[in-house]
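Asks: Here is a sequence with its predicted model. Questions after.
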Amino acid sequence: MEEKIKEAARILSGAKNIVGFTGAGTSAESGIPPFRGEGGIWNKYDPNALNIEYYYRHTQDSWNIIREVFYNYFDNKQVKPNPGHDILAKWEKEGRLSCVITQNIDDLHTVAGNNTVYEFHGNMSRFVCTKCGSKFPAREIQMTEKPPRCERCGGLLKPDFIFFGEGIPEEAYYGSVNAAEKCDAFIIIGTSGQVSPANMIPGIAKRNGAKIIEINLEPSTYTNYITDIYLQGKSGEILPKIDALIERH
Ligand code: APR
């Protein structure tokens, strides 16, 4: 493993344009459960609760789960960036990392200091009105049993993250494709690769000739197909080890 960490550090030392591609595993060491695998949210809750049609048709059922899983849970915990987030922010500040493409709906990459973050699945810290499109910070929403309503038009509010069956925000989609086409090193961190169209982004980087480094507790759909260096373990532990070996002139 140490040899592979050295190899990853050598590749990243020479890279001119690194892109980070993160999933729920990146936030696991911040105390946020992943969706799949051990302790995964979908082991306990039906992902259908996050289907957009279900939200419109069975709003109360869906809202009960969304409030419990995403908002009550977060309220009771001081969720903050872990060393894995901090390293990606450091690499952006050093000009070696151009952006992070994240599937995560927490804003831990932004809190850690990254400025260019493509939120492929939106963000839970905002709500959007399904009728008039107005947006509101989640901290201003009364998290009661009743599904939230828009103070402007009375329409149903929803968290501003992408439900199953919804399209990907255009800016995030095209920004991510463009970044994957231009990078020379692409790091896949903490994602099982199960959800499209996010899971086609790494393949774009591979086809453009980027070196693919992957950090995950266990192999993913990428590991035996596009990954050049697979580092098995926790991202909050492995990223600082790579960083310590990067040559800085
Ligand atoms: N370090 C590195 N990897 C980890 C860690 C960790 N500390 N903890 C867990 N993992 C890995 C798991 O092995 C798993 O492969 O992170 C991955 C998490 O996979 P998922 O839970 O499927 O999360 P993700 O790939 O981000 O899911 C994609 O699915 O439900 C939707 O919209 C939701 O964005 C989410 C999308």
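Replies: Looks like it arrived, so ask away. Numbering: from 1, shown residues only.

Asks: can you list contacts of the helix or strand bottoming out on mean pLDDT in the chain?
Replies: Using mean pLDDT, DSSP states H and E, helix 73-75 stands out as the lowest-scoring helix or strand of the chain, at a mean of 72. Outside helix 73-75, the residues within contact range by C-beta atoms under 8 Å, 6 or more residues apart in numbering are 106, 124, 143. Backbone N, C-alpha and C define where each C-beta goes, glycine included.

Asks: which SS state does Ile212 fall under?
Replies: Following DSSP: H, G, I helix; E, B strand; the rest coil, Ile212 is assigned to strand.

Asks: what about it, how many neighbours?
Replies: Neighbour count for Ile212, taken as other C-beta atoms under 10 Å: 22.

Asks: Report the buried residues of the least confident helix or strand of the chain.
Replies: With burial defined by 16 or more other C-beta atoms under 10 Å, the residues of helix 73-75 counted as buried are Phe74.

Asks: picking up where we left off before, considering the contacts of helix 73-75, which is situated nearest to Thr227?
Replies: Asp106 (24.8 Å; C-beta to C-beta).

Asks: got a list of what that closest one touches?
Replies: Contacts of Asp106 by C-beta under 8 Å, 6+ apart are 27, 30, 32, 74, 79, 123-124.

Asks: can the residues you listed go into a markdown table with extra columns for distance to Val19 and secondary structure?
Replies: Putting those into a markdown table (distance: C-beta to C-beta, whole Å; DSSP: H, G, I helix; E, B strand; the rest coil) gives the following:
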| residue | distance to Val19 | secondary structure |
| --- | --- | --- |
| Ser27 | 18 | helix |
| Ser30 | 21 | coil |
| Ile32 | 22 | coil |
| Phe74 | 27 | helix |
| Val79 | 24 | coil |
| Asn123 | 19 | strand |
| Met124 | 23 | strand |
